[in-house]
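Trainee: Structure for this input, please:
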Amino acid sequence: MPSASLKPGQTTLALWRSVMGGHTLAMEASAAKAVAAGHALLAKAARGNDAIYGVNTGFGKLASVRIPADRLAELQVNIVRSHCAGVGEPLPASIVRLVLGLKLASLAHGASGVQPAITALLEAMLEREVLPVVPSQGSVGASGDLAPLAHLAAVMIGEGEAVHAGERMPGGAALARAGLSPVTLGPKEGLALLNGTQVSTALALAGLFAIENAFGAALVTGAMSVDAAAGADTPFDARIQTLRGQPGQIDTAAVLRALMADSEIRRSHLADDPRVQDPYSLRCQPQVMGAALDVLRAASAMLEREANGVTDNPLVMADTGEVLSGGNFHAEPVAFAADMLALAAAETGNLSQRRCAMLVDPVLSGLPAFLIPKPGLNSGFMVAEVASAAIASENRMRAAPASTDTIPTSANQEDHVSMAAHGARRLLPMAENLAAIVGIEALMAAQGIELRKPLSPGPRVATALARVRAHSAFLETDRVLAGEMAAVAAEIASGAFLAGHADILALLPSGGPAR
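Mentor: Have a look, this model is predicted:
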């Protein structure tokens with residue numbers, strides 16, 4: 001797999017998309033020097049007489065317990081073992097890759113005080129596909145993602161479990177098969193591996209990338225639905241958007257205008273159309289999708305900063321040699337970003353679903369009932385629309401904020417927590433649901449457009465129509481649609497549906513899937 005240069009503090013969303021897809025990371029020489037310097041400072045502090053949290057003391061509520069110098073290494077192994085308390089199904093390999101890369105990026109600043117062997121092993125595990133088995137549940141997103149990161153750290157010391165070459169095996173065996181050796185933890189190093197928001201951030205980034213794919217596709221299907229319903233293009237006029245001034249609205253309207261350009265269907269309804277205004281799901285697309293885009297951009301900026309930051313504790317100050325204890329492990333920024341992404345996904349799905357409902361209604365669409373040439377004998381897209389409503393409702397339920405919940409833990413030492421991990425973990429299922437809703441709309445809009453023949457859509461909508469028809473033929477009479485719905489949803493989820501739409505990819509914070 002290709003390798004990308006890791007510059008701590010300068011990574012991009014596009015880089016993390018590539019790591020999730022299989023790219024590896026190689027630290028720059030300057031980062032390696034910073035790691036070595038930070039380790040030297042931490043080692044010097046550990047030899048002193050002052051109590052330093054997590055270096056020569058216990059953890060959490062036990063921070064007041066001083067640990068003798070001859071047991072500091074044992075202390076670090078113990079925290080890894082005791083914190084391996086995750087539950088649930090293992091995280092997917094692509095997420096574990098992100099976690100490894102994000103942990104490497106955080107430690108590469110040199111502020112965590114770890115030995116160079118730690119970052120070297122993380123880099124090598126990513127390169128050689130030694131992927132720890134990390135349970136998906138058990139983090140409250142404060143003091144870092146302790147339980148899941150402990151399972152990652154366990155492999156690094158030759159314990160735990162990992163997947164290598166497609167086989168699940170003991171962590172030590174996985175390292176050995178990959179030609180790697182476990183590390184011996186020094187002062188603070190177990191804590192440095194366990195502290196941090198890397199699992200929550202990885203889940204949120206993966207959710208962002210998946211939501212982007214479906215969001216971009218929803219712009220295409222929204223334009224298709226305008227054609228299918230013979231809607232007006234006046235609401236997308238640039239002057240309307242400029243007067244409001246919301247950047248996402250301006251940008252999405254421009255894309256929608258380009259998507260709908262040169263449509264014979266709309267030209268045929270410029271005069272003598274009895275409808276004065278279209279339903280909101282058609283004409284308010286710039287306002288709703290634009291607001292969702294602004295939310296995606298804001299959340300992605302928070303996540304990009306988090307991916308570039310240092311989130312363990314305590315931290316070594318290179319300029320003074322001080323070791324300062326703070327709270328960078330608290331994942332509230334990730335929790336907020338995840339909640340924002342959930343809202344954007346839910347609202348994008350709501351709007352797409354309303355267009356599905358509009359298209360099957362002959363009063364609103366001007367098309368045959370349920371988009372079938374002979375309704376009554378045939379039910380057409382009746383239950384496909386019902387399915388879209390069910391999935392949209394499920395996403396609305398999942399969009400309830402996670403960040404407003406907090407349960408004090410660790411004998412009230414951690415008296416406020418972020419719940420970022422499960423707030424981020426719900427995003428991939430939400431994105432999958434969103435792709436299904438938008439896929440149903442794509443099938444319905446394609447049917448509606450072809451019911452308008454001999455009038456034809458513009459070239460870009462025609463291209464999208466052809467992509468749908470590669471999976472699903474025109475529905476003349478009833479047939480089983482589930483497989484066709486799944487095929488279109490899969491194309492949307494993969495990002496393939498956005499091929500050729502450079503202007504949409506340019507809107508997406510990460511730049512969309514690599515082409």
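
Trainee: Three-state assignment for the spatially most central residue of the chain, please.
Mentor: With the centre of the chain defined as its mean C-alpha position, the nearest residue by Cα atoms, centre = their mean is residue 207, 2.0 Å away. Classification of residue 207 using DSSP: H, G, I helix; E, B strand; the rest coil returns helix.

Trainee: so it makes contact with residue 341?
Mentor: Yes - here residue 207 reaches residue 341: they are 5.7 Å apart, a contact under Cβ atoms under 8 Å. To be clear about C-beta, it is placed using only N, CA and C from the backbone, and glycine gets the same treatment.

Trainee: okay, now residue 327: neighbour count?
Mentor: 12 (other Cβ atoms under 10 Å).

Trainee: And residue 9, by the same measure?
Mentor: So residue 9, with other Cβ under 10 Å, has 13 neighbours.

Trainee: For the closest residue in space to it that isn't next to it in sequence, give me the pLDDT.
Mentor: Closest residue in space to residue 9, ignoring its immediate chain neighbours: residue 308 at 4.9 Å, by Cβ to Cβ, 6 or more residues apart in numbering. At residue 308, the model reports a pLDDT of 98.

Trainee: What lies in contact with the helix-or-strand element of the chain with minimal mean pLDDT?
Mentor: Sorted by mean pLDDT, DSSP states H and E, the helices and strands of the chain end with helix 264-267, the least confident at a mean of 89. Helix 264-267 is contacted from outside by 226, 227, 230, 231, 232, 233, 260, 449, 452, 455, 456, 457, using Cβ atoms under 8 Å, 6 or more residues apart in numbering.

Trainee: measure the residue nearest to residue 9 to residue 85 for me?
Mentor: Distance from residue 308 to residue 85, counting by Cβ to Cβ, to the nearest Å: 29 Å.

Trainee: count of residues packed around residue 506?
Mentor: 11.

Trainee: check contacts around the closest residue in space to the residue nearest to the centre of the chain that isn't next to it in sequence.
Mentor: Excluding the flanking residues, the one nearest residue 207 by Cβ to Cβ, 6+ apart is residue 427, at 2.4 Å. Listed by Cβ under 8 Å, 6+ apart, the contact set of residue 427 reads 203, 204, 206, 207, 208, 210, 211, 338, 341, 342, 345.

Trainee: What of residue 223?
Mentor: 256, 259, 260, 460, 461, 464.

Trainee: Redo these as a markdown table? Include neighbour count, secondary structure and distance to residue 266.
Mentor: Listed next are the contacts of residue 223 as a markdown table, based on neighbours: other Cβ atoms under 10 Å; DSSP: H, G, I helix; E, B strand; the rest coil; distance: Cβ to Cβ, whole Å:
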| residue | neighbour count | secondary structure | distance to residue 266 |
| --- | --- | --- | --- |
| 256 | 22 | helix | 12 |
| 259 | 27 | helix | 12 |
| 260 | 22 | helix | 7 |
| 460 | 21 | helix | 13 |
| 461 | 27 | helix | 10 |
| 464 | 26 | helix | 16 |
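
Trainee: quick check, nearest of those residues to residue 475?
Mentor: Using Cβ to Cβ, residue 464 comes nearest to residue 475 of these, at 17.2 Å.

Trainee: Make CSV from the contacts of helix 264-267 and add pLDDT and distance to residue 192 to it.
Mentor: As requested, these are exported to CSV (pLDDT from 0 to 100; distance: Cβ to Cβ, whole Å):
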residue, pLDDT, distance to residue 192
226, 97, 53
227, 97, 56
230, 95, 61
231, 94, 56
232, 92, 59
233, 92, 56
260, 96, 53
449, 98, 57
452, 97, 62
455, 96, 64
456, 96, 61
457, 97, 56
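
Trainee: Quick one: classify the residue nearest to residue 294 when sequence neighbours are not counted as helix, strand or coil.
Mentor: Residue nearest to residue 294 in three dimensions, not counting chain neighbours: residue 248, with 3.8 Å by Cβ to Cβ, 6+ apart. What three-state DSSP gives for residue 248 is helix.

Trainee: Mind pulling up the pLDDT for residue 248?
Mentor: 98.

Trainee: Quick check, it in contact with residue 288.
Mentor: No - using Cβ under 8 Å, residue 248 is not in contact with residue 288, being 9.8 Å away.

Trainee: So what's the residue count around the residue nearest to residue 9?
Mentor: As a measure of burial, residue 308 has 17 neighbours, counting by other Cβ under 10 Å.

Trainee: Am I right that residue 159 sits in a helix?
Mentor: No - assigned with three-state DSSP, residue 159 falls outside any helix and is coil.

Trainee: Pull the number of nearby residues for it.
Mentor: That count, for residue 159 with other Cβ under 10 Å as the rule, works out to 17.

Trainee: right, and it touches residue 133 too?
Mentor: No - contact status for residue 159 versus residue 133: not in contact, 11.5 Å apart, counting by Cβ under 8 Å.

Trainee: so where is the stretch 251-400 of the chain shaky, pLDDT-wise?
Mentor: Along the stretch 251-400 of the chain, the parts satisfying pLDDT under 70 run over 271-276.

Trainee: Kindly spell out which helices and strands sit in contact with the helix or strand residue 483 falls within.
Mentor: Element membership for residue 483, per DSSP states H and E: helix 482-494. Helix 482-494 sits against helix 198-228, helix 427-450, with contacts defined as 3 or more Cβ pairs under 8 Å, 6 or more residues apart in numbering; DSSP states H and E.

Trainee: got CSV for those, with distance to residue 284 too?
Mentor: Converted to CSV, the helices and strands packed on helix 482-494 look like this (distance: least, Cβ to Cβ, whole Å):
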stretch, distance to residue 284
helix 198-228, 10
helix 427-450, 16
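
Trainee: Just say which of those helices is most tucked in.
Mentor: Stretch with highest mean neighbour count among the helices and strands packed on helix 482-494: helix 198-228 (a mean of 29; mean count of other Cβ atoms under 10 Å).

Trainee: Show me what residue 163 is bridged to.
Mentor: residue 131, residue 168 (DSSP bridges).

Trainee: for it, what are its contacts?
Mentor: Here residue 163 is in contact with 93, 131, 133, 169, 174 (criterion: Cβ under 8 Å, 6+ apart).

Trainee: got the contact list for the last one?
Mentor: The contact partners of residue 174, taken as Cβ under 8 Å, 6+ apart, are 130, 155, 161, 162, 163, 164.

Trainee: Now do the strands in the stretch 301-450 of the chain.
Mentor: Under the criterion DSSP state E, counting those that start in this stretch, the stretch 301-450 of the chain contains strands at 315-316, 323-324.

Trainee: For residue 64, find the nearest of those strands.
Mentor: Taking the strands of the stretch 301-450 of the chain one by one with Cβ to Cβ, strand 323-324 is closest: 17.2 Å.

Trainee: number of nearby residues for residue 374?
Mentor: Residue 374, neighbours per other Cβ under 10 Å, totals 12.
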